[in-house]
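Peer 1: curious how this folds, go ahead:
(one chain, ligands or ions: 1)
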Amino acid sequence: MPGPGGGLAADDPALTEQASYLLRPSSHMGEGLPSPTGAPMPSSSPRWAWSFVQPHRAALLLSFGLSLVGVAVGLAQPWLTKRIVDDGLMAGDANLLVTLAIGMVGVGLLSNLLSGVNRWVYVRASALVLFAMRESLYGHLQSLPPRFYATWSAGDVLSRLDGDLAEVQRFAVDAPLSAVNAIFTLIGAVALMALLDPALTLVAFVLLPAQILFLRGVRPWVERSTRAVREGAAGVSGFFVQRLSAIKLIQSVGAEAQESRRLAGLNQDFLTSLLRQQMMSFAVGGVPGLMSSASTAAVFLWGGLRVIEGGLSLGALIAFTAYLGRATGPAQTLLGLVTAAQRTRVSLDRVTELLHERPAVLPPAQPIEPPSGGGALSVEGVVFAHEAGSPVLRGLSLDVPAGAKIGVLGPSGAGKSTLVDLLHRHYDPQAGRILLNGIDLRAMAPAALRARVAVLGQDAPLLPGSIADNLRFGLQRVDEAVLREAVAAAQLSDWLARLPRGLDTPVGAWASSLSGGQRQRIALARCLLRQPDVLVLDEPVSALDAESAVRLSAEIDRLFAGRTRIVISHRAEALADCAAVHRLENGVLRVDSSDRVGEAA
Ligand SMILES: Nc1ncnc2c1ncn2[C@@H]1O[C@H](COP(=O)(O)OP(=O)(O)OP(=O)(O)O)[C@@H](O)[C@H]1O
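Peer 2: Predicted structure coming up:
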């Protein structure tokens, strides 16, 4: 194990490898896409999508095989009709009529059975593909730094994670199957039509090129109107995500009516684009329908004349028109797939933009387990800029012996939260290094580091679930006795005793039913359960009244006595009992002599 100061050096090959990864421009980041298996990443977004379909190839091939059998069975039905009319009815063969009628029922039953099995196989494989894509994207989102969450809107991320991903999955799973299915049905139907009457087949398809040209011509309009509907839907869901999390602000500034009007405006825009898209689909769908009717009429006219002349049997004409009906659908499916591909491209681009967001830190290839016990921290010449050219920290150094309590004082915007993010390895320093017990933080797995260094911040985030769930959050197993001990230490016992469901009391989605003090105490108990070596206190009592703040600070000191504590504040009074206070100014720390602490506010 490296001794003090002997952790991973900045020129260590493992770090150089990480640094070069992190410095690569995001536009070249194909191979950085998260893969479902953790294997080497595919270099393009269609390949990324395909990599989730591949593990389900067998199920999808089975579904494909069942579809083909379904197509064959479906195509057999008009042929049976022909035989019923020509060989049964017209020939007056009652026995054959009965046999063929029974055959028709059998074919119908088989077709239903196959499509039931097919639906189960297909829905399961399709859902598993979607879940794997979502899990991979969510895993990627969890690796992104605070900077990402500060710049992206939650509604936008949600609409990409939900609607766009589903669109990509639908196409990736559906398109190959639908295309092959349509091609086989089309080829089968046309071949059987040609077998029945080649000349009539030419009559039937004389209008097909016109249909293809029409659908190609209107495609850009269809795509534009579909995109407008998707963006409109994303706008409305984004509105709800943003507004519901800021409902208190809306109420406190009396903006309810204004917000309702804003929603009505968004709804109106959405309705306009929805109506436009629906009318467009209706018109686009109607024209080929008219052309199909014209083709069918031509077939009846021409074929009917041939039946009257005796050149074609009535059964053959009936079977022919049934095949014509079956060929029209697949032809339109194939044309529709081209439009769907373009719609999917839009969604895939939106998902890829999320995938191209880079994690700010990478776990080392061979992480060093941080030794437990003792929490000596050493910050050595750390430089960090959120934006190139304007560093927030400019060579900051700090030594905190194990078990010491030190304060960091600095005005708003000085870089205190940035320092906390570096201590928790949400970012890595751009120069310099931070050592815990002599080991560079970059040599440790972030999760292992965060188990040793806990942060108690200004806001105490809680998740929906019970109070106990929130206390145990992120920990594998916590004994009931240990949980109750932490609750008692954080002085939550009296309050919990008054709640009818105690620790099982559900915390509302935004935990607004809890006071700031109760939330902070829950967060404190959560820290206690983790037993960290270092506790970083980033203004944890700033939301409390003076008396509660003093009480909670005293409790923290009692509970974490002997552990390393770094108290961060812009108020000098909050740091009065620290062994040393460092003032953060112009991106560096200077020791603030204890007699100046009182003036700092
Ligand atoms: N994601 C970011 N992108 C760009 N600049 C950022 C980002 N986060 C913080 N900054 C900037 O870095 C500087 C330091 O911010 P930081 O939040 O660390 O200050 P602070 O001392 O914690 O302030 P406060 O006491 O108000 O929380 C500020 O100028 C801030 O605008």
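Peer 1: near the ligand, which residues of this protein are found?
Peer 2: Residues of the chain found near the ligand (C-beta under 6 Å from any ligand atom) are 147, 150, 386-387, 392, 410, 412-418, 570. (C-beta placed from N, C-alpha, C; glycine too.)
Peer 1: let's have those in JSON lines, adding pLDDT.
Peer 2: Listed next are these as JSON lines, based on pLDDT from 0 to 100:
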{"residue": "147", "pLDDT": "88"}
{"residue": "150", "pLDDT": "86"}
{"residue": "386", "pLDDT": "91"}
{"residue": "387", "pLDDT": "87"}
{"residue": "392", "pLDDT": "92"}
{"residue": "410", "pLDDT": "87"}
{"residue": "412", "pLDDT": "85"}
{"residue": "413", "pLDDT": "86"}
{"residue": "414", "pLDDT": "87"}
{"residue": "415", "pLDDT": "90"}
{"residue": "416", "pLDDT": "89"}
{"residue": "417", "pLDDT": "89"}
{"residue": "418", "pLDDT": "92"}
{"residue": "570", "pLDDT": "84"}
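Peer 1: going through the residues you listed, which ones are buried?
Peer 2: Neighbour-count burial (16 or more other C-beta atoms under 10 Å) is assigned, among the residues of the chain next to the ligand, to 147, 392, 410, 414-418, 570.
Peer 1: which one of these is nearest residue 248?
Peer 2: Closest approach between these and residue 248, by C-beta to C-beta: residue 417, at 22.6 Å.
Peer 1: which non-adjacent residue is nearest that closest one?
Peer 2: residue 538 (6.5 Å; C-beta to C-beta, 6 or more residues apart in numbering).
Peer 1: list the contacts of that neighbour.
Peer 2: Residues near residue 538 by C-beta atoms under 8 Å, 6 or more residues apart in numbering: 416-417, 420, 455-458, 568.
Peer 1: bridge partners for it, pull those for me.
Peer 2: Judged by DSSP bridges, the bridge partners of residue 538 are residue 568.
Peer 1: heads up, I number from 5, so please use that
Peer 2: New numbering, starting at 5: the last item is residue 542.
Peer 1: where's it relative to residue 460, distance?
Peer 2: Separation of residue 542 from residue 460 (C-beta to C-beta, to the nearest Å): 7 Å.
Peer 1: before we move on, what about residue 560?
Peer 2: 8 Å.
Peer 1: identify the contacts common to the two.
Peer 2: Common contact partners of residue 560 and residue 460 (C-beta under 8 Å, 6+ apart): 528, 539, 541, 544.
Peer 1: residues near residue 143, how many?
Peer 2: Residue 143: 12 surrounding residues under other C-beta atoms under 10 Å.
Peer 1: in what helix or strand does it lie?
Peer 2: Secondary structure from DSSP states H and E places residue 143 in helix 98-146.
Peer 1: quick check: what element follows that helix along the chain?
Peer 2: Downstream of helix 98-146, the first helix or strand assigned by DSSP H and E is helix 150-155.
Peer 1: who are the packing partners of that following helix?
Peer 2: For helix 150-155, there is no helix or strand it packs on, judged by 3 or more C-beta pairs under 8 Å, 6 or more residues apart in numbering; DSSP states H and E.
Peer 1: what about it, distance to the chain center?
Peer 2: A distance of 16 Å separates the centroid of the chain from that of helix 150-155, by C-alpha atoms, centre = their mean, to the nearest Å.
Peer 1: what's the first helix or strand after that helix?
Peer 2: Helices and strands here follow DSSP H and E; after helix 150-155, the next one along the chain is helix 158-163.
Peer 1: buried residues in that next one?
Peer 2: Across helix 158-163, burial judged by 16+ other C-beta under 10 Å covers 159-161, 163.
Peer 1: what does stretch 402-417 give?
Peer 2: For stretch 402-417, by 16+ other C-beta under 10 Å, it's 402, 404, 406-414.
Peer 1: repeat that for stretch 181-193.
Peer 2: 181-182, 185-186, 188-190, 192-193.
Peer 1: just stretch 473-492 next, same as before
Peer 2: Buried, per 16+ other C-beta under 10 Å, within stretch 473-492: 474-476, 487, 490-491.
Peer 1: roughly how far apart are the closest residue to residue 396 other than its chain neighbours and residue 270?
Peer 2: Leaving aside its chain neighbours, residue 396 sits nearest to residue 419 (4.1 Å; criterion: C-beta to C-beta, 6+ apart). Distance of residue 419 to residue 270, computed by C-beta to C-beta: 38 Å.
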